[in-house]
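# Sharing a model that was predicted from the sequence below.
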Amino acid sequence: MLISKTSRYALQAATFLGERYDDERAVQVQEIAEAIGVPRNYLAKILHQLARQGVLLSERGPKGGFRLALNPSEMTLAMVLEPVEPGLGDRHCLLGRPACSDEDPCAAHSRWQKISGDMTRFLGETTLADLARLG
(Lines give C-alpha, C1' and ligand atoms only; values in the text may rest on other atoms or scores of the structure.)
Protein backbone atom coordinates (compact mmCIF):
# COMPACT_ATOMS: atom_id res chain seq x y z
CA MET A 1 0.00 0.00 0.00
CA LEU A 2 2.13 2.81 -1.29
CA ILE A 3 0.80 6.32 -1.09
CA SER A 4 0.37 8.63 -4.06
CA LYS A 5 2.24 11.84 -4.75
CA THR A 6 -0.92 13.74 -3.77
CA SER A 7 -0.95 11.97 -0.40
CA ARG A 8 2.74 12.72 0.16
CA TYR A 9 2.15 16.40 -0.58
CA ALA A 10 -0.84 16.43 1.78
CA LEU A 11 1.26 14.92 4.57
CA GLN A 12 4.17 17.29 3.93
CA ALA A 13 1.87 20.32 3.98
CA ALA A 14 0.02 19.16 7.10
CA THR A 15 3.31 18.49 8.86
CA PHE A 16 4.56 21.94 7.89
CA LEU A 17 1.35 23.50 9.25
CA GLY A 18 1.64 21.36 12.37
CA GLU A 19 5.08 22.77 13.06
CA ARG A 20 3.52 26.26 12.93
CA TYR A 21 0.36 25.43 14.86
CA ASP A 22 1.27 27.62 17.84
CA ASP A 23 1.82 30.65 15.59
CA GLU A 24 -1.99 30.95 15.33
CA ARG A 25 -1.74 32.49 11.89
CA ALA A 26 -2.86 31.22 8.55
CA VAL A 27 -0.04 30.24 6.22
CA GLN A 28 -0.34 31.13 2.54
CA VAL A 29 -0.15 28.46 -0.14
CA GLN A 30 2.94 30.02 -1.70
CA GLU A 31 4.85 29.86 1.58
CA ILE A 32 3.94 26.19 2.09
CA ALA A 33 4.75 25.28 -1.52
CA GLU A 34 8.17 26.91 -1.36
CA ALA A 35 8.99 25.37 2.02
CA ILE A 36 8.17 21.81 0.97
CA GLY A 37 9.23 22.15 -2.66
CA VAL A 38 5.99 21.31 -4.45
CA PRO A 39 4.08 23.05 -7.28
CA ARG A 40 1.88 25.84 -5.89
CA ASN A 41 -1.22 25.21 -8.01
CA TYR A 42 -1.22 21.48 -7.34
CA LEU A 43 -0.77 22.09 -3.62
CA ALA A 44 -3.57 24.67 -3.58
CA LYS A 45 -6.03 22.05 -4.88
CA ILE A 46 -4.92 19.59 -2.21
CA LEU A 47 -5.20 22.17 0.58
CA HIS A 48 -8.68 23.23 -0.52
CA GLN A 49 -9.74 19.58 -0.56
CA LEU A 50 -8.41 19.14 2.98
CA ALA A 51 -10.22 22.29 4.07
CA ARG A 52 -13.53 21.09 2.57
CA GLN A 53 -13.17 17.90 4.61
CA GLY A 54 -12.42 19.74 7.86
CA VAL A 55 -8.75 18.80 8.16
CA LEU A 56 -7.66 22.40 7.58
CA LEU A 57 -9.17 25.78 8.24
CA SER A 58 -9.11 28.20 5.33
CA GLU A 59 -9.02 31.95 5.74
CA ARG A 60 -9.64 34.34 2.86
CA GLY A 61 -8.16 37.75 2.26
CA PRO A 62 -4.70 39.29 2.09
CA LYS A 63 -3.65 37.63 5.36
CA GLY A 64 -5.52 34.45 4.52
CA GLY A 65 -4.20 30.96 4.12
CA PHE A 66 -4.48 27.64 5.89
CA ARG A 67 -4.18 26.30 9.42
CA LEU A 68 -4.74 22.89 10.96
CA ALA A 69 -8.28 22.36 12.24
CA LEU A 70 -6.98 20.33 15.20
CA ASN A 71 -3.93 20.31 17.39
CA PRO A 72 -1.15 18.28 15.71
CA SER A 73 -1.24 15.84 18.64
CA GLU A 74 -4.88 15.05 17.82
CA MET A 75 -4.56 14.75 14.03
CA THR A 76 -3.59 11.33 12.75
CA LEU A 77 -1.99 10.68 9.40
CA ALA A 78 -5.12 8.74 8.43
CA MET A 79 -7.20 11.89 8.99
CA VAL A 80 -4.95 13.81 6.60
CA LEU A 81 -4.86 11.11 3.95
CA GLU A 82 -8.50 10.01 3.84
CA PRO A 83 -9.77 13.13 1.98
CA VAL A 84 -7.14 12.85 -0.76
CA GLU A 85 -6.94 9.07 -0.98
CA PRO A 86 -10.22 7.55 0.24
CA GLY A 87 -9.98 3.95 1.29
CA LEU A 88 -6.22 4.02 1.73
CA GLY A 89 -6.51 2.05 4.96
CA ASP A 90 -8.89 -0.49 3.44
CA ARG A 91 -7.43 -3.87 2.78
CA HIS A 92 -7.43 -4.69 -0.90
CA CYS A 93 -5.95 -7.68 -2.64
CA LEU A 94 -2.40 -6.88 -3.69
CA LEU A 95 -2.96 -8.81 -6.91
CA GLY A 96 -6.27 -7.06 -7.61
CA ARG A 97 -8.56 -10.03 -7.09
CA PRO A 98 -12.14 -8.98 -6.28
CA ALA A 99 -12.46 -11.78 -3.73
CA CYS A 100 -9.42 -12.39 -1.58
CA SER A 101 -9.86 -13.62 1.97
CA ASP A 102 -8.49 -16.05 4.50
CA GLU A 103 -10.88 -18.63 3.04
CA ASP A 104 -9.93 -17.90 -0.60
CA PRO A 105 -6.48 -16.27 -0.49
CA CYS A 106 -4.30 -15.13 -3.36
CA ALA A 107 -0.62 -16.11 -3.41
CA ALA A 108 0.41 -12.93 -1.54
CA HIS A 109 -2.51 -12.79 0.93
CA SER A 110 -0.93 -13.83 4.22
CA ARG A 111 2.20 -11.73 3.85
CA TRP A 112 0.35 -8.69 2.39
CA GLN A 113 -2.32 -8.83 5.10
CA LYS A 114 0.30 -8.27 7.80
CA ILE A 115 2.00 -5.42 5.96
CA SER A 116 -1.32 -3.79 5.11
CA GLY A 117 -2.48 -4.10 8.71
CA ASP A 118 0.74 -2.59 10.00
CA MET A 119 0.38 0.34 7.58
CA THR A 120 -3.25 0.92 8.60
CA ARG A 121 -2.30 0.89 12.29
CA PHE A 122 0.64 3.24 11.66
CA LEU A 123 -1.57 5.77 9.83
CA GLY A 124 -4.28 5.57 12.47
CA GLU A 125 -1.97 5.81 15.48
CA THR A 126 0.68 8.27 14.27
CA THR A 127 -0.06 11.96 14.67
CA LEU A 128 1.43 15.03 13.05
CA ALA A 129 3.06 15.80 16.40
CA ASP A 130 4.71 12.37 16.28
CA LEU A 131 6.21 13.25 12.89
CA ALA A 132 7.69 16.43 14.30
CA ARG A 133 9.35 14.38 17.05
CA LEU A 134 10.59 11.79 14.54
CA GLY A 135 12.17 14.41 12.31
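The structure has been received and is ready for your questions.
# Backbone dihedrals for the residue of the chain most remote from its centre, please?
The centre of the chain is farthest from one residue, Glu103, which by CA atoms, centre = their mean lies 32.4 Å away. Note on Glu103: backbone dihedrals following degrees, to the nearest 10 are phi -80, psi -30.
# And the one 4 residues further on, by the same measure?
Ala107 adopts backbone torsions of phi -60, psi -30, taken as degrees, to the nearest 10.
# Residues contacting stretch 123-135, please?
With contact meaning CB atoms under 8 Å, 6 or more residues apart in numbering, stretch 123-135 is reached by 11, 14-15, 18-19, 68, 71-78, 80-81, 88-89. Backbone N, C-alpha and C define where each C-beta goes, glycine included.
# Let's see which of the residues you listed end up in helices.
Residues of those located in helices (DSSP state H): Leu11, Ala14, Thr15, Gly18, Glu19, Leu77, Ala78, Val80, Leu81.
# show me what contacts the last one?
Under the criterion of CB under 8 Å, 6+ apart, the contact partners of Leu81 comprise Ile3, Ser7, Ala10, Leu11, Leu88, Leu123.
# Give me the buried entries from those residues.
Ile3, Ser7, Ala10, Leu11, Leu88, Leu123 (16 or more other CB atoms under 10 Å).
# so what pLDDT did Arg91 get?
Arg91 is assigned 64 on the pLDDT scale.
# Number the chain from 811, please
Sounds good: first residue 811 from here, last item Arg901.
# before we move on, the earlier item: let's have the contacts of Leu891 in TSV, adding pLDDT and distance to Tyr852.
Output for the contacts of Leu891, formatted as TSV (pLDDT from 0 to 100; distance: CB to CB, whole Å):
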residue	pLDDT	distance to Tyr852
Ile813	83	15
Ser817	95	13
Ala820	97	11
Leu821	96	14
Leu898	69	19
Leu933	92	22
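# Which one of those is nearest to Gly847?
Within the contacts of Leu891, distances to Gly847 taken as CB to CB reach their minimum at Leu821, with 13.7 Å.
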